[in-house]
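>>> pasting the structure only:
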């Protein structure tokens, strides 16, 4: 009798492990197969399963990200703390997305975490998730990359388009140059490939000048770009503008080269209904 109970226990634990492995593999498979908009039922189900089975990746993922951005101390402290908080949050969000996969989300719904795959922290190359090619927004990426001066990358589930400020505006100005109008007209054309995407236009400055001046200038530039895209036929409901001044620097403000890099305009392109800011 005891021998039978032992065999039954071994089979039970084995079956449980096999079910978990199949569920994890299915979540990855759904992610790779879902090349349409991020809020489709298939995509939501994939993220839901991923959140439930692989949300633990938030812990090493946040540590890795903070380590890369700000060094090992930040990774082992802030990154660890962020991961500890995000693991249960990602799991709860996964359960919610799995349950609501067949249904439209309520109007104005803002998730605690942007609905994205936690393993994207470890993407080996843009547009690939664990070796699965994600063709979503690839047409837009190719069209925008052909625009002189445009820098395009995937980041956190978004397509990020970056223009150095000097390509769009004269120093201290929020008026588009003629060349800038040509570039943004081509961006507007590329945005028509997928009318369901949402776009946040973000303005940034270097650290020269006061915080108030920098915030005002960056906001004015983001608004100018947004208005021009609307003039070029982009639906205004898809667009949002924000100015961040000298915050979120991508280079040192101690050098002329670094300041030039920090003066920029970015467009974050995501599926409709997905927060544009990570």
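Yep, that arrived. What you see is a predicted model, and the numbers here were worked out from it, not measured in a lab.

>>> residue 89: what's it in contact with?
112, 113 (CB atoms under 8 Å, 6 or more residues apart in numbering). (Each C-beta comes from the backbone N, C-alpha and C, glycine too.)

>>> and it, which of the three is it?
helix (DSSP: H, G, I helix; E, B strand; the rest coil).

>>> the strand or helix carrying residue 258 - what's its average pLDDT?
Following DSSP states H and E, one finds residue 258 within helix 256-262. Helix 256-262 carries an average pLDDT of 89.

>>> how many neighbours does the nearest residue to residue 229 once chain neighbours are set aside have?
Distances taken as CB to CB, 6 or more residues apart in numbering put residue 188 closest to residue 229, at 5.1 Å, once the chain neighbours are dropped. Using other CB atoms under 10 Å, residue 188 has 17 neighbouring residues.

>>> let the chain start at 611 from now.
Got it, first residue is 611 now, which makes that one residue 798.

>>> and residue 798, that's in a helix?
Yes: assessed by three-state DSSP, residue 798 belongs to a helix.

>>> isn't it up against residue 844?
Yes: using CB atoms under 8 Å, residue 798 is in contact with residue 844, at 5.2 Å.

>>> list the buried residues in the helix holding residue 868.
For helix 866-872, burial by neighbour count (16 or more other CB atoms under 10 Å) applies to 869, 871, 872.

>>> ok, now stretch 819-826?
Neighbour-count burial for stretch 819-826 [16+ other CB under 10 Å]: 824, 825, 826.

>>> so who does the closest residue to the last one other than its chain neighbours touch?
For residue 826, the nearest residue in space outside its immediate sequence neighbours is residue 853; the separation is 7.4 Å by CB to CB, 6+ apart. Taking CB under 8 Å, 6+ apart, we find residue 853 in contact with 812, 813, 814, 825, 826, 827, 828, 829, 830, 831, 832, 833.

>>> and the residues you listed, which two are furthest apart?
812 and 826 (14.7 Å; CB to CB).

>>> so who does residue 816 touch?
824, 856, 859, 863, 868, 869, 870, 872, 873.

>>> what does residue 678 give?
residue 685.

>>> how much space is there between it and residue 671?
11 Å (CB to CB, to the nearest Å).

>>> circling back to that earlier point, wait, which of the buried residues of helix 866-872 is closest to residue 748?
residue 871 (26.3 Å).

>>> for the closest one, which non-adjacent residue is closest in space?
In space, residue 871 is closest to residue 861, 4.0 Å off (CB to CB, 6+ apart).

>>> thought that neighbour was touching residue 873?
No: in this structure residue 861 lies outside contact range of residue 873 using CB under 8 Å: 10.1 Å.

>>> which of these two has more neighbours?
Each of residue 861 and residue 873 has its neighbours counted (other CB under 10 Å); residue 873 has more, 23 against 14.

>>> run through the strands of this structure in chain order.
738-739, 742-743, 761-765, 768-774, 807-814, 849-853, 874-881 (DSSP state E).

>>> ramachandran coordinates for residue 856?
The phi/psi pair for residue 856 (degrees, to the nearest 10) reads phi -90, psi 0.

>>> so it sits against residue 823, correct?
No: using CB under 8 Å, residue 856 makes no contact with residue 823, being 9.9 Å away.

>>> other residues contacting the helix holding residue 868?
With contacts defined as CB under 8 Å, 6+ apart, helix 866-872 is touched by 774-776, 814-818, 856, 859-863.

>>> which members of those are the farthest-apart pair?
Maximum distance among the contacts of helix 866-872 (CB to CB): 17.5 Å, for 776 and 862.

>>> okay, and the beta partners of residue 853?
residue 813 (DSSP bridges).

>>> count the neighbours of residue 831 for me.
Count around residue 831 with other CB under 10 Å applied: 27.
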